[in-house]
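*Asks:* no letters, just coordinates:
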Ligand code: NDP
């Protein structure tokens, strides 16, 4: 029987919800490329419930305990005295979400002698040292596509929010004001703008599709080019590299995974290549954009706005400069954890666990590392190496109410 150690974010400050604003979720047949949604044998949760927090337990407790497994859930994940660090020693499987990641560094792999699998309940396994996983023969899997559309919707919202100066205008009203001139002095239409995505994978291409009706000029860069008929249909211009693309763009959105090739890609030099007054939206990973270079470009006015939901580390320390820099539209890491997305990645996590326990192959599209090397989706979209460096800084965030392990 296995020990499954699961790290989830805390319940809401007001307690686990007893009701929700909507009664159900829309039914979705398939993902846009035809991939099937998760297909576990059963689920023990009501889609639309909060599953990603500690009391939601990804809807897995009944399934795991009825199989005789030990299931430990905690939000206390950082630092040497954390519940996670203590429970890791004899865990067989670790599960966490990118929103509240259990950083699986080489040091932690060395401590986890029984570890066989690390599951990302979501997309993006950069919080796991993939090199260390490969060297130790640990499988890494994630729930590919589960929240790609959730993020694409968020990106479109954030581009419009920045360009239209939405958040400062909303704050004006909340504060009892009516300063139209102040609100309008930073407000633009996106019609006619040039918008480029770094990566046109599931999220990047969904962003392109959603923006096309806004009559903008679309651009992209990626390691692999889109099929010519897709480029033509979207009217999108390909650039060999991000450095080639950004000088043409009024808006840049980052939709690539974090791996050694993309870490710190938007450094001072890359941002200097962007047009004055450009907007940068990053919902991919915080480490892709240089923390201090972004803050400096907003302060100097070189960038007109920066938005996103991804930080490094997570949770972001209270003195992280992105909390207080001007003209930002940052949120905590939420775009991929809408209730809609949670239902999909909870089901996908269960599918992965069922396969693991029954000795069935995990779908190729869910695999990142297997058999000592990058595999499946991981072999296509990631490069070998480690992007977890500096994650110990997450321990600096003080949790208001850490919930004890169950
Ligand atoms: P996909 O794997 O579908 O797309 C990733 C794309 O990035 C692929 O097309 C890949 O290229 C491309 N890519 C990889 N490296 C580079 C590079 N160096 N330069 C340019 N392009 C590159 O994943 P998704 O679109 O579903 O997700 C992308 C990322 O978004 C995730 O890895 C994750 O980090 C982040 N994400 C964030 C969420 C949130 O809540 N904020 C939720 C979900 C994801 P190719 O495969 O052609 O080599």
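*Replies:* Nice, thanks for sending it over. Source: prediction; values computed, not measured.
*Asks:* the ligand versus the closest residue in space to residue 191 that isn't next to it in sequence, what's the distance?
*Replies:* Leaving aside its sequence neighbours, residue 191 sits nearest to residue 215 (CB to CB, 6 or more residues apart in numbering; 5.1 Å). For the C-beta atoms, the positions are set from N, CA and C on the backbone; glycine is no exception. From residue 215 across to the ligand, the span is 24 Å (CB to the nearest ligand atom, to the nearest Å).
*Asks:* next, count neighbours for residue 215.
*Replies:* Neighbourhood size, residue 215 [other CB atoms under 10 Å]: 11.
*Asks:* let me see the backbone angles for it.
*Replies:* Backbone torsions of residue 215, given as degrees, to the nearest 10, read phi 60, psi 50.
*Asks:* for the stretch 101-250 of the chain, which residues are neighbours of the ligand?
*Replies:* Residues of the stretch 101-250 of the chain lying near the ligand by CB under 6 Å from any ligand atom: 122-124, 147-148, 151, 198-204, 221-224.
*Asks:* on that earlier part again, my read: the residue nearest to residue 191 touches residue 194, true?
*Replies:* No: assessed by CB atoms under 8 Å, residue 215 is found out of contact with residue 194, at 11.7 Å.
*Asks:* in the sheet, which residues pair with residue 217? Tell me.
*Replies:* Beta bridges link residue 217 to residue 194, judged by DSSP bridges.
*Asks:* my guess is it contacts residue 195, does it?
*Replies:* Yes: under the criterion of CB under 8 Å, residue 217 makes contact with residue 195 at 7.1 Å.
*Asks:* compare these two (neighbour count), which wins?
*Replies:* Applying other CB under 10 Å to residue 217 and residue 195 shows that residue 195 carries more neighbours, namely 27 against 16.
*Asks:* quote the end-to-end distance of stretch 181-192.
*Replies:* 23 Å (CA to CA, to the nearest Å).
*Asks:* please renumber so the chain begins at 730
*Replies:* Got it, first residue is 730 now, which makes that one stretch 910-921.
*Asks:* for the single nearest residue of the chain relative to the ligand, which residues are in contact?
*Replies:* The ligand sits closest to residue 930 of the chain, with a gap of 1.8 Å, by CB to the nearest ligand atom. Under the criterion of CB atoms under 8 Å, 6 or more residues apart in numbering, the contact partners of residue 930 comprise 877, 951, 984-985, 1110.
*Asks:* ok now do residue 841, which residues does it touch?
*Replies:* With the criterion set at CB under 8 Å, 6+ apart, residue 841 makes contact with 817-818, 820, 823.
*Asks:* and for residue 983?
*Replies:* The contact partners of residue 983, by CB under 8 Å, 6+ apart, come to 926-928, 994-995, 1009-1013, 1017-1018, 1037.
*Asks:* switch these over to a markdown table; also include neighbour count, pLDDT and distance to residue 861.
*Replies:* Listed next are those as a markdown table, based on neighbours: other CB atoms under 10 Å; pLDDT from 0 to 100; distance: CB to CB, whole Å:
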| residue | neighbour count | pLDDT | distance to residue 861 |
| --- | --- | --- | --- |
| 926 | 31 | 99 | 31 |
| 927 | 26 | 98 | 27 |
| 928 | 24 | 98 | 25 |
| 994 | 19 | 98 | 23 |
| 995 | 25 | 98 | 26 |
| 1009 | 25 | 99 | 31 |
| 1010 | 27 | 99 | 31 |
| 1011 | 26 | 98 | 26 |
| 1012 | 24 | 98 | 26 |
| 1013 | 27 | 98 | 22 |
| 1017 | 27 | 98 | 21 |
| 1018 | 26 | 98 | 25 |
| 1037 | 27 | 98 | 27 |
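*Asks:* which of these fall in helices?
*Replies:* Per DSSP state H, helices hold no members of the contacts of residue 983.
*Asks:* closest one of these to residue 962?
*Replies:* residue 926 (15.5 Å; CB to CB).
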